[in-house]
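Q: requesting a structural model of the entry that follows:
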Amino acid sequence: MSEHSEHDVQREVTELQAKSATAARIFDLRRIIGGLFVLYGVIVTIAGINPSDATLDKAEGVNINLWTGLGMLALGIFFLIWLKLKPVAPVPVKETDTE
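A: All right, here's what the predicted structure looks like:
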């Protein structure tokens, strides 16, 4: 009976470690930061595509929304590429022999 319950405990530990690794991949900060920068970059770039004369006068002739949006897009894409090239390493499962 003791052997059977140890096997069940080991199986539950393995399942929890797998769930923990999945949660680490889902909530990786690079994914969150990259996604937000891409989203806001698209919004700001769209706002900067057709600027008004008043907006250009405020920024001394520089289309600041367009350049800031493109910079945000580049940074967001960098984070997402970084996530793809160097994913979170899975947590190593320790095999224990208690016999």
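
Q: pLDDT score for the spatially most central residue of the chain?
A: In the chain, the centroid-proximal residue (C-alpha atoms, centre = their mean) is R31; its distance is 0.8 Å. We note a pLDDT of 90 for R31 in this prediction.

Q: double-check it against L80; I have them as touching.
A: Yes. With contacts defined as C-beta atoms under 8 Å, R31 counts as touching L80 at a distance of 7.3 Å. Backbone N, C-alpha and C define where each C-beta goes, glycine included.

Q: ok so, going back, what residues does the residue nearest to the centre of the chain make contact with?
A: Taking C-beta atoms under 8 Å, 6 or more residues apart in numbering as the criterion, R31 is in contact with F79, L80, L83.

Q: can you redo the residues you listed as TSV with pLDDT and secondary structure?
A: Conversion of those to TSV gives the following (pLDDT from 0 to 100; DSSP: H, G, I helix; E, B strand; the rest coil):
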residue	pLDDT	secondary structure
F79	95	helix
L80	94	helix
L83	90	helix
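
Q: possible to save these as CSV with distance to D53 and neighbour count?
A: As requested, the contacts of R31 are arranged in CSV below (distance: C-beta to C-beta, whole Å; neighbours: other C-beta atoms under 10 Å):
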residue, distance to D53, neighbour count
F79, 35, 20
L80, 35, 17
L83, 40, 19
